[in-house]
Every structure is written in C-alpha cells, then in structure tokens.
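> predicted model and sequence below, questions to follow.
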Amino acid sequence: TISTKAPRTLNGDPTVENIYEVVKELNGIGESDNAVMSETWSSRVSTALFEHEQMQEIAGMPEFDITSYGDDGSYGHRSLGANLQAIAEFMKSRTFRKVNREIYFVEHGSYDHHSVNGVSEFFKQANDALDNFVTELKNQNLWKSTVIVMGSDFGRSMGPNSSGGSDHAWGGNYFMIGGSVKGGQILGRPF
C-alpha cells in the first residue's frame, strides 16, 4: 500500500545523533555465524531504510509529480482516487528506482448496504477514480503493461431486498481490466 503523503523524516527529534546511520551500520552485512532470523531481520530493516530514503528523495523531485491528474480531491486524501493517484506517481518513478514489475494493493470499502441502496455514490467514486488512473497510465505509456484486478470479500444479491438494499449472496464479484486484457467477457452464470 502506498501512502498519499510524502514520508516523514525519521528521528526528527534525535536523542542519539546520526541514529539513522547507526541503525544502518548495525543492520548491515552480518557475520557468517549469525542466525537466519537475525540476518532476515537485518536485511528487512536495511531495505526499509533504503526505500524510505529513496521515497523522501523522490517526493522532493518535481519530475515525478503528476499535475494533470483528474481527481479534484473532493473525496479526501484517503479516497480511492487519492490512493490511485499516489500509485500513479510512484509508478512514474519506476525507472529511477530500477523497478520493472510491482504489485499494489488498495482497499475501497463501505459497500455493505442492507437497507437503502447507497452504493451508487461508491460506484461513481470507483468509476471516476479508475477513469483518472487509466488516463494517467496511458499518459505514462504504462496502460498496456498494467492489469487491475478487483475482488469482493463477499457476494451481493442481484435484486433488492424488502428494504431497498442488497443482501449477502453466495457468489463473489470480480473484474479484471488492463491495456492488454482481452475484455468483453463475462465468465460464470449470474444465477
């Protein structure tokens, strides 16, 4: 998951000077007789510190800002649109980070409406967010090499219940879109 805000400075109010460098030194290359768990821990800490430094550097580089992104921010900084924009900005830095394949995870909840069918606004937010994201990926020439998979943790009834909402059902719902995905197919039986 990608934060919608730039990473904060670590150790902003230090009790030990250069603690960042001390931690890196302590978690650098280990000894040959170190245990697997300690080597794994050190490797993960070192990687996290490196990636944090890299993200701070990227956050300060204007060439990775996306100023033409379509989301006007009306859904807030924790919205699906804001999260997808952060991912698009991060993807834009892939060459700088020397990365050619990544997996991102984004959640967009609150679709569980048993009484009044309030999901229409959520569908609009999701549609707008995906539209802006796809447009940006096309601008970056990444759409052909991107696949988006959506999955629900539980199914919903196809028709409304007596309260105008929908109930939990037996089948989940999923979709997959991407620039190279052969679309227009519906798999499975709706009833």
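Perfect, thanks for sending it.

> where does M55 sit, in terms of helix or strand?
helix 36-59 (DSSP states H and E).

> report the buried residues of stretch 142-157.
Within stretch 142-157, the residues that qualify as buried are L142, W143, T146, I148, R156, counting by 16 or more other C-beta atoms under 10 Å. In short, each C-beta sits where N, CA and C put it, glycine included.

> and those residues, which is closest to A82?
I148 (16.4 Å; C-beta to C-beta).

> and for the nearest residue to that closest one once chain neighbours are set aside, the neighbour number?
Leaving aside its sequence neighbours, I148 sits nearest to I177 (C-beta to C-beta, 6 or more residues apart in numbering; 5.1 Å). Neighbours of I177 under the rule other C-beta atoms under 10 Å: 14.

> could you look up the SS state of I177?
strand (DSSP: H, G, I helix; E, B strand; the rest coil).

> which stretch of helix or strand covers the closest residue to A88 other than its chain neighbours?
Closest residue to A88 apart from its sequence neighbours, by C-beta to C-beta, 6+ apart: E136 at 4.5 Å. In the assignment (DSSP H and E), E136 maps to helix 119-139.

> pull out the buried positions in that helix.
Those would be V119, Q125, A126, D128, A129, L130, N132, F133, V134, E136, L137, for helix 119-139 by 16+ other C-beta under 10 Å.

> again, but for stretch 163-179
G165, S166, G178.

> same question for stretch 46-64.
Here stretch 46-64 shows S46, L49, M55, I58, F64 as buried, counting by 16+ other C-beta under 10 Å.

> make TSV out of the residues you listed and add distance to V99.
Shown next, in TSV, are these (distance: C-beta to C-beta, whole Å):
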residue	distance to V99
S46	17
L49	17
M55	12
I58	12
F64	13
